[in-house]
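Engineer: Turn this into a structure:
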Amino acid sequence: MKFSRALSIARKESRHVLRDPFTLILALGLPVLITVIFGFAIEFNMKDIPTAVHDGDRTQSSRRLIEAFGSSSYFLFDRVPSAADALRTLTADRNRAALIIEPGFEANLRSGRGAQAQLILDGADNSATGSVLGYLAGLQTIAARNLLDPAPPPPAIELRTRYLFNAELNSRWFIVPGLTVVVVAILSILLTSLTVAREWENGSMELLLSTPVEPSEIIVGKLLPYTALGFGAIGLIYLAARTVFEVPFLGSHLAYLLCSGLFLAACLAQGLLISVLVRRQQLSMQFAMISGLLPSILLSGFIFPVEHMPLFFRVLTAVLPPRWFILASRSIFLEGAGIGGVLVPLLALTLIAGALITVATRKFKRDVEP
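Structural biologist: Numbering: from 1, shown residues only. Predicted structure coming up:
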């Protein structure tokens, strides 16, 4: 292979990119758009949960209980005159929870019989229900301290929870490091899938093959501009993570660069393989979106933990590059991992990228020979 001829093809492909508004919008606008939308829109910590409140006791104790719930900023109260009205707001989908305090709450509390209040949750909304259940233990402790005089004695065994790597459980710290997977997968697979298909549709592939150019030179020349665009997208997301969302970067930049390069190589090879096999731009775009977007969001661990998936999908994700890169990215960003800490993802990405490059190269050679 002569690198000078590959560079000539790369310059030709770069001119195609610069002249194509669709490619430029995807390459420059997509990383920013996805980072902003996903970074700000996805929030796992529920706040201001609309909650109907019926205080049938109307005493100081019942008001303190409501204040204990309200001071957490997790609940947004909607006062209703009766318990039936509270239930109707849940049925009408106006509220996600209902706090009902029946008459006699304070009297039962003072007499030592034990006071009861009812919290009804909308089970159709899994996210809100899980969040409220997670908050209840802490809220019950606060309420007991506010209501009981003297305060209850501390338990004989006290368990204290401490969160490592993300002490505030900040959703953006979890989401943003994984955005590189979504952006690079969509961008590189989609753009690369159109390269060879465009040449076949325009009839310029036969002209290119009539010159003394090796298939390897065509591949390298075709992929060089998109490699630069891919690293540019990775750089944009890194800058947004550090400056806009203030995500800490505790690990090794070299490890992150290696993992990013291997993941980008796998995505480029996948896009090239689609382009070689399909040879039609519209069909290539559809295959690229299906094979790039869906695995990167649904099967990578970006939102849904891989460990909680059925066995079949856990095995399936093992051969998908997004699963390994998102594991490496979060480990490097939040856990401070170096190369030694991401050896398994590095090895998996190397094997997958090598296999995709080999298959794409062989199919390209076989398909383009006269």
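Engineer: Distance check, the residue nearest to Val220 when sequence neighbours are not counted against Pro248.
Structural biologist: Distances taken as C-beta to C-beta, 6 or more residues apart in numbering put Ala6 closest to Val220, at 4.1 Å, once the chain neighbours are dropped. Where you see a C-beta, it was placed from the backbone N, CA and C, and this is true even at glycine. Between Ala6 and Pro248 the computed distance is 40 Å (C-beta to C-beta, to the nearest Å).
Engineer: who's more crowded, these two?
Structural biologist: Ala6 (21 against 14; other C-beta atoms under 10 Å).
Engineer: that older thread, hmm, the residue nearest to Val220 is touching Pro225, no?
Structural biologist: No - assessed by C-beta atoms under 8 Å, Ala6 is found out of contact with Pro225, at 11.5 Å.
Engineer: related to what we said a few turns ago, report the contact partners of the residue nearest to Val220.
Structural biologist: By C-beta atoms under 8 Å, 6 or more residues apart in numbering, the contact list for Ala6 reads Ser216, Glu217, Ile218, Val220, Gly221, Leu224.
Engineer: Could you export those as JSON lines, including pLDDT, secondary structure and neighbour count?
Structural biologist: Conversion of these to JSON lines gives the following (pLDDT from 0 to 100; DSSP: H, G, I helix; E, B strand; the rest coil; neighbours: other C-beta atoms under 10 Å):
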{"residue": "Ser216", "pLDDT": "73", "secondary structure": "helix", "neighbour count": "15"}
{"residue": "Glu217", "pLDDT": "76", "secondary structure": "helix", "neighbour count": "21"}
{"residue": "Ile218", "pLDDT": "74", "secondary structure": "helix", "neighbour count": "25"}
{"residue": "Val220", "pLDDT": "81", "secondary structure": "helix", "neighbour count": "18"}
{"residue": "Gly221", "pLDDT": "81", "secondary structure": "helix", "neighbour count": "23"}
{"residue": "Leu224", "pLDDT": "87", "secondary structure": "helix", "neighbour count": "18"}
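Engineer: give me the low-pLDDT residue ranges for the stretch 101-250 of the chain?
Structural biologist: Along the stretch 101-250 of the chain, segments meeting pLDDT under 70 span 125, 127-128, 149-160, 203-213, 215.
Engineer: Show me where it has its strands.
Structural biologist: With DSSP state E, counting those that start in this stretch applied, the stretch 101-250 of the chain shows strands at 118-121, listed in chain order.
Engineer: Now do the helices in it.
Structural biologist: Read by DSSP state H, counting those that start in this stretch, the stretch 101-250 of the chain holds these helices, from start to end of the chain: 105-111, 126-147, 171-175, 179-193, 195-202, 204-209, 215-239.
Engineer: Pull the distance from the third one to the chain's centre.
Structural biologist: For helix 171-175, the separation from the chain centroid amounts to 8 Å (computed by C-alpha atoms, centre = their mean, to the nearest Å).
Engineer: now stretch 170-190
Structural biologist: With C-alpha atoms, centre = their mean, you get 6 Å for stretch 170-190.
Engineer: What of stretch 119-126?
Structural biologist: The chain centroid and the centroid of stretch 119-126 are separated by 25 Å, computed with C-alpha atoms, centre = their mean.
Engineer: do stretch 244-261 as well
Structural biologist: Going by C-alpha atoms, centre = their mean, the spacing between the C-alpha centre of stretch 244-261 and its chain's C-alpha centre is 16 Å.
Engineer: and for it, what are the contacting residues?
Structural biologist: If you take C-beta under 8 Å, 6+ apart as the criterion, stretch 244-261 is touched by 35, 39, 172-173, 176-177, 180, 184, 231, 234, 238, 241-242, 325, 328-329, 331-339, 341-342, 345-346, 349.
Engineer: try stretch 70-81
Structural biologist: Surrounding stretch 70-81, the residues in contact under the criterion C-beta under 8 Å, 6+ apart are 46-55, 66, 69, 86, 89, 94-95, 97, 99, 131-132, 135, 138-139, 142.
Engineer: In strands only, show me those.
Structural biologist: The members of these that map onto strands under DSSP state E are Ile49, Pro50, Thr51, Ala52, Val53, His54, Asp55, Ala97, Leu99.
Engineer: So for this structure, the centremost residue is which one?
Structural biologist: Within the chain, one residue has its C-alpha closest to the average C-alpha position: by C-alpha atoms, centre = their mean, that is Phe302, at 3.6 Å.
Engineer: Surely that residue forms part of a strand?
Structural biologist: No - secondary structure assignment (DSSP: H, G, I helix; E, B strand; the rest coil) places Phe302 in coil, not in a strand.
Engineer: show me the contacts for it.
Structural biologist: Counting by C-beta under 8 Å, 6+ apart, Phe302 touches Ile175, Gly178, Val181, Val182, Ser296, Pro322, Ile326.
Engineer: Pick out the most distant pair among the residues you listed.
Structural biologist: The largest separation in the contacts of Phe302, counting by C-beta to C-beta, is between Ile175 and Pro322 at 14.3 Å.
Engineer: returning to what we had before: only the buried members of the contacts of stretch 70-81: can you turn that into a ChimeraX selection?
Structural biologist: What follows is the ChimeraX syntax for the buried subset of the contacts of stretch 70-81, where burial is set by 16 or more other C-beta atoms under 10 Å:
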select :46,49,50,51,52,53,54,55,66,69,86,89,95,97,99,131,132,135,139,142
